[in-house]
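> for reference, the sequence and a predicted model appear below.
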Amino acid sequence: MNNSEQTRRQLIVRFIRDFLEDRLSETIDRIPIEMRPRNYQADRCCVYKDRAMLRYRLMALMGFGMEEEEDESRLLKSYLSDAVAGNNNTKPILTVCTVGCAGCVDSHVRVSNSCVGCFARPCVSICPKKAIAVINQRSVIDRSKCVDCGRCMTVCPYKAIVRNPLPCEDACPVDAIGKDNDGRVRINFERCIYCGKCFRTCPFSTIMIRSELVGILQAMKEGKQIVAMVAPSITEQFPGTIEQLFAAIKLAGFSEIIEVALGAELTTRHEAEEFFERMKNGSKLMTSSCCPAWLETVKKHIPEIAPMVSETPSPMAFTGRIAAENFRDAVKVFIGPCLAKRREAQSDPNVDYVITFEILGGILAAKMIDIKSIKAEPLEHPAASYARNFAKSCGVTEAILHEMDNAIFENPQRPKIEEKFINGLDRKSINLIKTYAKGGQNGNFLEVMVCSGGCVGGPCSLAK
């Protein structure tokens, strides 16, 4: 764990423990002070800014963002009362604590001290905007002309021209985040695909998730039936066997557990049938539909490929239907490494809450549950291995190939799949996908995973 992850997880465990012990309203306003006492060696400019950031982290855990703070003197326990009452679920999924963004410089190309003002001056001649001149034997960039194309970086023999990164901006594949004129980071939610790459890369931890934790903890305290819908990638995150892990989740307060891989089995079957039907009707390409960040990308940035996207519901959607049929009045919680699932759940009536593996780990730690020490029974309804493999890049395609092999055995006339993959979405792969939309690439089935490696590489995963 890096320092940011360690601090975030310590805060989560303390928050959960105090909540479940009915003392959070008395302790919450003291947590920042106790975690950062006066004699603490500050992580930021001073211990007081450390405390302020802890305060905003606590607000995010309760589902609030800095944007909603109209009165800085308002106590955290007041926010807690609102969160328990359910007055925190109408805001965007991500929040930016902009006071922490002062540590990041703007992303741009600059000349370092390694420049010697060489005679060749290739940086001057290659610049398409004539933005570079040599002054006093040193290259100087005119910021009013520079477009940050980076050509000067590629030709400098001394590697003296470098780019100052803005990590969140560089990580975002759709240019949805950057600094405003006031020097603070803002997210453009009209462009955001909720991939979570900015959250994962921010070195100052100023990008935070508005958690739905309080609603789940309150349901536990009230003794409500809670169904955990567990994503296939969970086996990569925690120690012990899957049987031990599921037993631990029940000990943590969840009444029932459904593998989302069971939903993946249904997705596989329906997506294979849809592929057959589309190819039969003359379609040249179909793309997968499991990744909600991919669907957001299509809707907001590549609408021309929308007719080629599978209409089959995701594994979470199918699992939600299973939960609704079998546990009608239960609280239904999806647990996974994906931020975009929160976005998907906002329009799914069968999913009440979404939490990350990090939050689940916090619940297990707060209740001092040791997974590897649990004696567990075999699962009553274990999912197929190919469905559990959905979490990895190429796993969707492999599952569909498995389904198609059976179908082709029954009907040899069914079309053959020519699979292609997008393993991690970035600006380059988005441009590649646009060529697929125009028919400029080979293949008739395109699997798109926004996270590199698949869901196991999600922004909220524990394992790296």
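In hand now; what should we look at?

> now the strands for the stretch 101-250 of the chain?
Under the criterion DSSP state E, counting those that start in this stretch, the stretch 101-250 of the chain carries strands at the ranges 108-111, 132-134, 139-141, 161-164, 177-179, 185-187, 207-209, 226-230.

> now render these as TSV, adding mean pLDDT.
Putting those into TSV (pLDDT from 0 to 100) gives the following:
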stretch	mean pLDDT
strand 108-111	90
strand 132-134	96
strand 139-141	96
strand 161-164	90
strand 177-179	88
strand 185-187	91
strand 207-209	94
strand 226-230	98
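
> how about the ones you listed, which one is nearest Y386?
Smallest distance to Y386 across the strands of the stretch 101-250 of the chain (Cβ to Cβ): 17.2 Å, for strand 226-230. Quick note: C-beta positions are derived from backbone N, CA and C, even for glycine.

> okay, now the domains of this protein?
Split into domains by automatic domain parsing, the chain comes to 3-103+168-215, 108-164, 216-457.

> closest to A463 out of these?
With distances scored as Cβ to Cβ, the stretch of those nearest to A463 is domain 216-457 (5.1 Å).

> pLDDT weak spots in the stretch 251-400 of the chain?
Judged against pLDDT under 70, the stretch 251-400 of the chain has no low-scoring part.

> the strands in it, which residues?
Using DSSP E, counting those that start in this stretch, the strands of the stretch 251-400 of the chain run over 256-259, 286-287, 331-336, 353-356.

> could you dump these to a markdown table with mean neighbour count and distance to D180?
Converted to a markdown table, those look like this (neighbours: other Cβ atoms under 10 Å; distance: least, Cβ to Cβ, whole Å):
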| stretch | mean neighbour count | distance to D180 |
| --- | --- | --- |
| strand 256-259 | 21 | 43 |
| strand 286-287 | 23 | 34 |
| strand 331-336 | 25 | 32 |
| strand 353-356 | 26 | 28 |
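
> quick revisit: as JSON lines, the domains of the chain with distance to A463 would be great.
What follows is these, written out as JSON lines (distance: least, Cβ to Cβ, whole Å):
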{"stretch": "domain 3-103+168-215", "distance to A463": "12"}
{"stretch": "domain 108-164", "distance to A463": "30"}
{"stretch": "domain 216-457", "distance to A463": "5"}
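
> will you turn the strands of the stretch 101-250 of the chain into CSV that also has mean neighbour count and distance to E380?
Formatted as CSV, the entries for the strands of the stretch 101-250 of the chain read as follows, by neighbours: other Cβ under 10 Å; distance: least, Cβ to Cβ, whole Å:
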stretch, mean neighbour count, distance to E380
strand 108-111, 17, 57
strand 132-134, 17, 68
strand 139-141, 19, 65
strand 161-164, 16, 54
strand 177-179, 19, 44
strand 185-187, 19, 42
strand 207-209, 24, 33
strand 226-230, 24, 14
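
> what's the closest of those to T312?
Between T312 and the strands of the stretch 101-250 of the chain, the shortest gap by Cβ to Cβ is with strand 226-230, which sits at 17.8 Å.

> helices and strands around that closest one, which ones?
In terms of contacts (3 or more Cβ pairs under 8 Å, 6 or more residues apart in numbering; DSSP states H and E), strand 226-230 is packed against helix 213-221, helix 242-251, strand 256-259, helix 260-280, helix 315-326, strand 331-336.

> quick one: strands adjacent to that strand?
Each strand pairing with strand 226-230, determined using DSSP bridges, is listed with its direction: strand 256-259 (parallel), strand 331-336 (parallel).

> what would those strands look like in TSV with distance to S233?
Below are the strands paired with strand 226-230 laid out as TSV (distance: least, Cβ to Cβ, whole Å):
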stretch	distance to S233
strand 256-259	11
strand 331-336	7
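
> and of these, who's closest to Q41?
Of the strands paired with strand 226-230, nearest to Q41 by Cβ to Cβ is strand 331-336, at 35.6 Å.
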